[in-house]
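1. 3D model of this:
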Amino acid sequence: MTATLEDVKAHLHIFHSVEDDYLRSLLEQSAIAVEAMTGIDKGPQFDELVLNRVRFAYNDKLDEFETRYQSVLLGASLKNLEGM
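-> A predicted model of the protein is given here:
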């Protein structure tokens, strides 16, 4: 599964469509950022990281994301290296 707009809205408890374009943008930016940080681009761990990065960005706390998820990001990166 790859995170969708509907997943983001459910994760953030948003039930309207007013911010759909903004949320799509955050979703795209987050997917690109997580892939750049970890080297992974699919799977449950990727989706979890993307959704949580969107949450941090939406709440204007993006500067805290990498600190809070540092161990998960590093673990995903190392697991990706092992697969090479």
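
2. Name the next helix or strand following the one helix or strand Glu6 maps to along the chain.
-> Secondary-structure element containing Glu6, defined by DSSP states H and E: helix 5-12. Toward the C-terminus, helix 5-12 is succeeded by helix 20-38 as the next helix or strand (DSSP H and E).

3. avg pLDDT for that following helix?
-> The predicted model gives helix 20-38 an average pLDDT of 97.

4. From Lys79, how far off is Val50?
-> As for Val50, its distance to Lys79 is 16 Å (criterion: CB to CB, to the nearest Å). (Each C-beta comes from the backbone N, C-alpha and C, glycine too.)

5. between these two, which one's more packed in?
-> Counted by other CB atoms under 10 Å, Val50 and Lys79 do not tie: Val50 has more neighbours, with 26 against 14.

6. so where does that one fall, helix or strand?
-> Val50 is part of helix 44-58 when elements are defined by DSSP H and E.

7. Please name the residues that touch Thr2.
-> With contact taken as CB atoms under 8 Å, 6 or more residues apart in numbering, Thr2 is in contact with 31, 42, 46-47.

8. burial measure for the nearest residue to Glu35 once chain neighbours are set aside, as a count.
-> Taking CB to CB, 6 or more residues apart in numbering as the measure, Glu35 lies nearest to Asp41, with 4.6 Å between them; neighbours along the chain are not counted. Asp41 is surrounded by 14 other residues when neighbours are defined as other CB under 10 Å.
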